[in-house]
Structures are given as structure tokens and as C-alpha cells.
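Peer 1: Here's a sequence, model it:
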Amino acid sequence: MTMSFTPTIDIPDRNGLICGFRLHPTQKAQALALYAANQRSELPLDPHWLHFNLADTRATHWLNSCTLIPEDARELLLDSDAHIRSENFDNSLALIIGDLFHHFKDDPEDLGVLRLYLDNDRLITGRGHPLKSVDRLRHELFEGMVIGNSLDLFARLIYDIGDSMHMVIKNLNDHVDDAEDQILAGQLHNQGSELGRIRRLLARLRRHLSANRQAMQHALPHIARWSQHDISELRQAVEHMESTIQDLELVQERTRLLQEEIAGRMGEATNRNLYVLSMVTVILLPINLITGIFGMNTGGLPWGEDDPSGFWWVIFFMIIAVITSLTILHRKRIL
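Peer 2: A predicted model of the protein is given here:
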């Protein structure tokens, strides 16, 4: 008989609980509500997941008084320090891991952290702001995904975090493709600033993902030691995160090369303009010399005011000077 399922949105928000699920290896997860504080009898005996809003003081009070979680793990869950890291205990794990805000809009500031505690029976998570991967996992369980234990749920969460960031990187790669097409077409307007924005976001994502990878690599051997479940899916999730970092580094490299291409093309355009100005200056220099000489207010200059042919002689010598300059530049292969 299939277990009945209550949508997560209908779970009463008590003790700052956002959602809770009881896990079963052959049936879809059952939504549950948490009504009171810190007694083992008040939590399901089956594997379960509890997700809290840490901005709610009721959640922090519940977590602080929950004796099922080691004291050091409780401190990490409630600590204001948001540095990504993991702490291993005898039969459990506490972790701070990076995730995207729920309404991520390609902004480097839209990166948050998820705090969690994991053992063989439960996964307890908390966040200060809505996060994309946790909400995605909630939706997957709501849609009927079957996950039988807390470790597999944790592995799915890690996979979703890596996959969410992979989708962002894919979207940024599409933007880089568009920028590359514009650059190759000679349309450089605003492409430099757009690539700069993408590069800054990629740098922030890389720091986030690299810290996630380091924390998971530190945690994996310890989880393998105390876990009662197969950790192959968790290893695959970490490998997926590593491949996401590799894809990110490729996009970073493409972005850097395109910025260099823009700088090179702009440098060529500047040099070309300077070359034209230099040639005009060289060609006009003899003319300026002639006009300067005949513009001097001294006596003894040929073709004075009484000679009506003086103007045309000056024009003739100017033309000769220009032709001579062009001939010299051509023979020197400068022009």
C-alpha cells in the first residue's frame, strides 16, 4: 500500500521548521511536522530529513537544545561564521557548504551557505536565506523521488548543489559564445564590460566550488568509516562537482582569451589611427615649413606683394613638397 503524502507547503511552521520528510527505501518520502523540542521520542525512528529556517529564533532554540546532535556540531550549525568547512565526529558529520540563493540572477552576491548535520539516521539542515538546491531537493521529494536513507539524501543534495552551479556555468558559457560571435564580427561595444562581469562571477563561483570540493574530500574518508550505507552515490556526486569545476575553469580561460582578443583589437585600432595621424603629419610638414617661411614678416622674400605670380609659385612648391614626401615614404615602404 502506498504511503499518503502531504505537500511540504502544508507543514506547520513550528520551531522554525521549513520542511521535514520521513524516508523509506521503497516508498516516496512522507512529509512530517515537528511539534516540540528535543526528545528522541518526538523524532521519527525511521531515517528522516529536517530543514530549518535559521533566521527564526525558534529554530535556533530547538537546535541548541537537541541532544541528538553533538554539542560541537550544534555550534557549527548555529555559528555566524559562514566559511565553508566540515567537522567530523565519531559517527556523524557537520558541514557548511556553499549554495546559490533561490532567486539567483548572475550576481556574485547571490551565493549563500547551507549548514547541515548528518548521521546514519538523519539529515538536519538549516539556512538563513532560501537556497536553490535545497528547494530543488524538496520539490524532488514532493514529486515522489524515493530515497531510503539519510546518506543517499545527502548525496542527492550534494549532486543538486553541483548541478545547480553547473547550470549557471552553462548559461555563462552561452553568454561567452554570444560575446565571441560579436567580437569576431568586429562589434566590440560593451563586450569588455560584459566579459569582465562574467569573469568576476566565475571567480566567485570557483572559490565557492573549490571550497565545497575541499570540504567534501575531507569528509568522504570519515563518512566511509562510520556510515552503514554504500557511499558510491556520494562519491559520484563529488566527482560531478569536480567536473563542474573543470567546466568552470574552461569558461574562465575562454573569457580571459576573449578579453585579450578585445585588448589586442583595440590596440590594433589605436595603432592604426596613430599611423594615419603620423602620415598626415609627415605629408603636411613641408607645407607647414613653406607657409612658415613665407609667413615671416621680413624683407627679401621672393614673390612679394608686387608679383602677381607669387601665390601660384608657392602653391607649386607645396605640391612638389607633397609629391616628394609621398615618394620618399613609398620608397621606404612606410606608406
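
Peer 1: got the buried residues for the helix or strand bottoming out on mean pLDDT in the chain?
Peer 2: When the helices and strands of the chain are compared on mean pLDDT, DSSP states H and E, helix 310-331 comes out lowest with a mean of 78. Across helix 310-331, burial judged by 16 or more other Cβ atoms under 10 Å covers 314, 318, 321, 325. C-beta here means a position set from N, CA and C on the backbone, and glycine is covered the same way.

Peer 1: nearest to residue 98, of the residues you listed?
Peer 2: Distance to residue 98 across the buried residues of helix 310-331 (Cβ to Cβ) is lowest for residue 325, with 65.6 Å.

Peer 1: residues contacting that closest one?
Peer 2: By Cβ atoms under 8 Å, 6 or more residues apart in numbering, the contact list for residue 325 reads 282, 283, 285, 286.

Peer 1: if we go to 6 Å?
Peer 2: Residue 325 sits next to 283, 286 when contact means Cβ atoms under 6 Å, 6 or more residues apart in numbering.

Peer 1: tell me how far the least confident helix or strand of the chain is from the chain's mean position?
Peer 2: In this view, helix 310-331 has its centroid 61 Å away from the chain centroid, taken as Cα atoms, centre = their mean, to the nearest Å.

Peer 1: Same question for stretch 89-108.
Peer 2: 15 Å.

Peer 1: Next: stretch 63-83.
Peer 2: 29 Å.

Peer 1: Next, the distance between the ends of that stretch.
Peer 2: In stretch 63-83, first residue to last residue: 20 Å (Cα to Cα, to the nearest Å).

Peer 1: Give me the residues contacting it.
Peer 2: 37, 38, 60, 87, 89, 94, 113, 115, 117, 126.

Peer 1: Need the max-distance pair from these.
Peer 2: 37 and 113 (25.5 Å).

Peer 1: What's the separation between residue 25 and residue 121?
Peer 2: Remark: distance between residue 25 and residue 121 (Cβ to Cβ, to the nearest Å) = 14 Å.

Peer 1: The two: which is more packed in?
Peer 2: residue 121 (18 against 11; other Cβ atoms under 10 Å).

Peer 1: and that one, what does it touch?
Peer 2: Residue 121 neighbours (Cβ under 6 Å, 6+ apart): residue 47.

Peer 1: Dump the least confident helix or strand of the chain to CSV, keeping only the CA atoms.
Peer 2: Provided in CSV are the C-alpha atoms of helix 310-331 (Å, rounded to 0.1, in the frame of the first residue of the first chain):
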residue,chain,number,x,y,z
GLY,A,310,53.9,84.7,-56.3
PHE,A,311,50.9,82.9,-54.9
TRP,A,312,51.0,80.3,-57.7
TRP,A,313,54.7,79.7,-57.2
VAL,A,314,54.1,79.0,-53.6
ILE,A,315,51.3,76.5,-54.4
PHE,A,316,53.6,74.9,-57.0
PHE,A,317,56.4,74.3,-54.4
MET,A,318,53.8,73.0,-51.9
ILE,A,319,52.7,70.4,-54.5
ILE,A,320,56.3,69.4,-55.2
ALA,A,321,57.0,69.1,-51.5
VAL,A,322,54.0,66.8,-51.0
ILE,A,323,54.9,64.6,-54.0
THR,A,324,58.5,64.4,-52.7
SER,A,325,57.3,63.3,-49.3
LEU,A,326,55.0,60.7,-50.7
THR,A,327,57.8,59.4,-53.0
ILE,A,328,60.2,59.1,-50.1
LEU,A,329,57.6,57.3,-47.9
HIS,A,330,56.7,54.9,-50.7
ARG,A,331,60.4,54.0,-51.4
